[in-house]
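K.L.:
With the sequence up front, the predicted model follows.
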Amino acid sequence: MKTSRMQDINGKVYSNNISEICQIPIGGVSQYLMIRGQDSAKPVLLFVHGGPGQAEIGYIRSYQKDLEKHFVVVRWDQRGAGMSYSKKISKDTFNIETFISDLNEVTDYLIGKFNCGKIILAGHSWGTIIATYAVKNNPNKYSAYIGIGQHVNSEEAEKIAYQYTKEQAIYQHNKKVIGMLEQIGKPPYSPKEMYIRAVCQAKIGGVFRTKPTKSMGMSLILSKEYSLRHKIHYQKACLLSANLLVDEISKVNLLDMVKRLEVPVLFIAGRYDYITPTILVEQFYKKLDAPMKELIIFQNSAHLPQLEEVEQFVEILANSKLIHGEH
């Protein structure tokens, strides 16, 4: 376990802070959590990263420093990703059911560690699949759910993504992207074709609408949390997780599978998100039954509103009555 004393930019040390990276056995596999907060008595907020495989511990600290004033922020590098990467992990365990079980164990660990009864759960992209099921299966463990770039319907999302990417490539006169899209054609896709479509989206602005304040890639390279080994294996881990899970993810349709959640739900979506298209998030939001629900659309973001408009993201989470139980 790595621990350190938390300080602000002026060197002030917070007496009740928590700042650690811990290795814990989850589902029979060593997995890593980064836990940071200026006050360990604040609500615990667990983030479930996207991808699959796009672990966050290595680059996220610069984005979350203001969140740490209001929450104990927990980042979990999922099985096979980031610090939790290991070639010894059985490929047979890369399925949605196992990841939901892992998330349940992480939740129990945090509830026990902080003696808090419940935690707040936030998922992004792929992470929203397992987070949504975790909340559905064990609502007593969560005080609220935050879906960022909420995954809804894989089949429809691929159709929308392809059409949008092709239209934008034509509008931008991007002959290279047009050629790549013509090569793979319309969905459904193999894992390799899906990767090509994702690369095309990135080239025309379907992932980021604006540039984040910090480069994710450069943050990973300069990361103090990740060793050289973690950095070398980062992309390999992403591709491995995606290839092993893509078939199962392609069958996910939460519109049919999840009709009600027993906790307050906040959806945050980027207006220009065409990976988990916001039009589908709107449909899910309207149909979902929950004690309290809200949908907030960030007007200058695509698939990563929590990084593109980080100040607005922090402000919403810090002040949301839905999240803090004032409802």
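P.N.:
Here it is on my side, so go on.

K.L.:
V177: what's it in contact with?
P.N.:
Residues near V177 by Cβ atoms under 8 Å, 6 or more residues apart in numbering: 165, 169, 200, 203-204. From N, CA and C alone the C-beta is placed, and that goes for glycine too.

K.L.:
ok, now how distant is it from E97?
P.N.:
Distance, V177 to E97, using Cβ to Cβ, to the nearest Å: 36 Å.

K.L.:
same thing with Q163?
P.N.:
Taken as Cβ to Cβ, the span from Q163 to E97 is 32 Å.

K.L.:
likewise V265?
P.N.:
Taking Cβ to Cβ as the measure, V265 falls 22 Å from E97.

K.L.:
Between these two, point out the one with more neighbours.
P.N.:
Between V265 and E97, V265 has the larger neighbour count (other Cβ atoms under 10 Å), namely 24 against 11.

K.L.:
any residues touching stretch 270-285, and which ones?
P.N.:
Here stretch 270-285 has contacts from 125, 128, 147, 149-153, 156-157, 160-161, 164-165, 198, 201, 205-207, 209, 254-255, 267, 269, 293, 295, 297-305, 308, using Cβ under 8 Å, 6+ apart.

K.L.:
do the same with stretch 33-44
P.N.:
Contacts for stretch 33-44 (Cβ under 8 Å, 6+ apart): 6, 14, 16-22, 24, 57, 60-61, 64, 68-77, 106, 109-110, 114, 116, 119-120, 143, 225, 323-324.

K.L.:
one more time with 7 Å
P.N.:
Applying Cβ atoms under 7 Å, 6 or more residues apart in numbering, the contact partners of stretch 33-44 are 6, 14, 16-22, 24, 57, 68-76, 110, 114, 116, 119-120, 225.

K.L.:
cool, stretch 152-159 as well?
P.N.:
The contact list for stretch 152-159, computed with Cβ under 7 Å, 6+ apart, reads 187-189, 249-255, 276-277, 280-281, 283-284.

K.L.:
Emit the ChimeraX select command for whichever of these are buried.
P.N.:
Command for ChimeraX that selects the buried part of the contacts of stretch 152-159, burial taken from 16 or more other Cβ atoms under 10 Å:
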select :187,189,250,252,253,254,276,277,280,281,284
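
K.L.:
from the contacts of stretch 152-159, which single one is nearest A81?
P.N.:
When the contacts of stretch 152-159 are ranked by distance to A81 (Cβ to Cβ), I249 comes first, at 14.9 Å.

K.L.:
If any of the contacts of stretch 270-285 are buried, give me the PyMOL selection for them.
P.N.:
Only the buried entries of the contacts of stretch 270-285 go into this PyMOL selection, using 16+ other Cβ under 10 Å:
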select buried, resi 125+128+147+149+150+151+152+153+156+157+160+161+164+165+198+201+206+207+209+254+267+269+293+295+298+301+302+303+304+305+308
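
K.L.:
If we ignore the residues flanking it in sequence, what's nearest L103?
P.N.:
Of all residues not flanking L103 in the chain, A134 sits nearest, at 4.8 Å (Cβ to Cβ, 6 or more residues apart in numbering).
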